[in-house]
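Asks: Would you be able to build a 3D model of this:
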Amino acid sequence: MSLSMKERKPVYREIAKKYQKARKKERGEILNHFVELTGLNRSYAASLLRNHGKKVTIGGKVLKGDIAAKGRRPGRKPIYGEDVKAKLFFIWKVEDFICGKRLKAALDEVIENLIRHE
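Replies: You can find the predicted model right below:
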């Protein structure tokens, strides 16, 4: 039996509440049912149910565990601005889209030639 994404979140939350209040034998039965329902790995499912709703303080910030919430990681900060990217793309195009390793090696000579010939 599989659940749609909208059906999963409330089910996860309710099962997690029951799991955290239950005794050891009951937790095993709830976990079996949860694994069967979701198809998740047993240890991962136990971790989700155990940590749902718990608050942790890290570096002065309070984080609350939520099964349904997806963590977003910040990506890398850009090294170069848009103007540099546009010029680099132009050079790459002039060099007939060569690979990065070869482009890096040829970059000094290509820039000198472009400046010389405007």
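Asks: Can you get me the start-to-end distance on stretch 37-54?
Replies: The straight-line separation of the ends of stretch 37-54 (Cα to Cα, to the nearest Å) is 23 Å.
Asks: where exactly do the strands run in the chain?
Replies: 55-58, 61-64 (DSSP state E).
Asks: These: which one's closest to residue 10?
Replies: strand 61-64 (17.1 Å; Cβ to Cβ). Quick note: C-beta positions are derived from backbone N, CA and C, even for glycine.
Asks: how far does the closest one sit from the chain's center?
Replies: How far strand 61-64 lies from its chain's middle: 18 Å, per Cα atoms, centre = their mean, to the nearest Å.
Asks: mind listing what's buried in it?
Replies: Buried residues in strand 61-64, counted by 16 or more other Cβ atoms under 10 Å: none are found.
Asks: Kindly report the same for stretch 91-107.
Replies: Those buried within stretch 91-107 under the rule 16+ other Cβ under 10 Å are residue 92.
Asks: what's the first-to-last distance across it?
Replies: Across stretch 91-107, first to last residue, Cα to Cα, it's 8 Å.
Asks: Now find how far off-centre it is within its chain.
Replies: In terms of Cα atoms, centre = their mean, the centre of stretch 91-107 is set 31 Å apart from its chain centre.
Asks: neighbours of residue 15, just the number please.
Replies: Using other Cβ atoms under 10 Å, residue 15 has 21 neighbouring residues.
Asks: Kindly report the same for the one 5 residues further on.
Replies: The tally of other residues near residue 20 (other Cβ under 10 Å) stands at 15.
Asks: and the gap between it and residue 50?
Replies: 7 Å (Cβ to Cβ, to the nearest Å).
Asks: ditto for residue 81
Replies: Noted for residue 81: a distance of 46 Å to residue 50, by Cβ to Cβ.
Asks: More neighbours: which of the two?
Replies: Set residue 81 next to residue 50 and count neighbours by other Cβ under 10 Å: residue 50 wins out with 15 against 8.
Asks: quick one, what contacts the more buried one?
Replies: 19-20 (Cβ atoms under 8 Å, 6 or more residues apart in numbering).
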